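[1] I need the structure of the sequence given here:
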Amino acid sequence: MAFSGALRGAGDTFSPLWATLFGTLFVGPGLAWFLALHLGMGPIGAWIGFGVSMLSQALITGVIFKRGRWKTIEI
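    Reported below is the predicted structural model:
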């Protein structure tokens, strides 16, 4: 969340949006569905999927921040 806020504050609102959409719409629900229903983990699998979703968003946003493209964006 800190990296997303820093990127948005620097004027790069597009990158955090895509990182959030990817984690929220694809990673989280897909993994939660697979773990909860196919592996029979139930609600625990859904929560693990949610946690991995947040982790994937953090990693993607961290990589985007580390690349430094936000330094060249003009507001």
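
[2] How about residues contacting stretch 30-41?
    Stretch 30-41 is touched from outside by G42, P43, I44, G45, A46, W47, I48, G49, F50, V52, S53, with contacts defined as C-beta atoms under 8 Å, 6 or more residues apart in numbering. Any C-beta I mention is one placed from the backbone N, CA and C, and that applies to glycine too.

[3] Make a ChimeraX selection of the buried ones in the residues you listed.
    When burial is assessed using 16 or more other C-beta atoms under 10 Å, the buried subset of those is captured in ChimeraX by this command:
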select :45,46,48,49,50,52,53
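
[4] Identify those among the contacts of stretch 30-41 that sit within helices.
    Secondary-structure check on these using DSSP state H: residues within helices are P43, I44, G45, A46, W47, I48, G49, F50, V52, S53.

[5] how about the nearest residue to the last one, chain neighbours excluded?
    When you say that, I think you mean S53. Nearest residue to S53, sequence neighbours excluded (C-beta to C-beta, 6 or more residues apart in numbering): G28, at 3.0 Å.

[6] same thing with the first one?
    In space, and not counting its chain neighbours, P43 is closest to A36: 7.0 Å by C-beta to C-beta, 6+ apart.

[7] So that neighbour versus G49, what's the distance?
    Computed as C-beta to C-beta, to the nearest Å, the A36 to G49 distance reads 7 Å.

[8] chain center to the helix or strand hosting G5, what's the gap?
    G5 is part of helix 2-9, with elements assigned from DSSP states H and E. Its chain's C-alpha centre lies 13 Å from the corresponding centre of helix 2-9 when counted by C-alpha atoms, centre = their mean, to the nearest Å.

[9] Against which helices or strands is that helix packed?
    With contacts defined as 3 or more C-beta pairs under 8 Å, 6 or more residues apart in numbering; DSSP states H and E, helix 2-9 has these neighbours: helix 14-22, helix 43-67.

[10] The residue nearest to S53: what's it in contact with?
    If you count contacts by C-beta under 8 Å, 6+ apart, G28 has them with G49, F50, V52, S53, M54.

[11] contacting residues for T24?
    Residues near T24 by C-beta under 8 Å, 6+ apart: S53, Q57.

[12] same thing with G62?
    When contacts are taken as C-beta under 8 Å, 6+ apart, G62 is in contact with F3.
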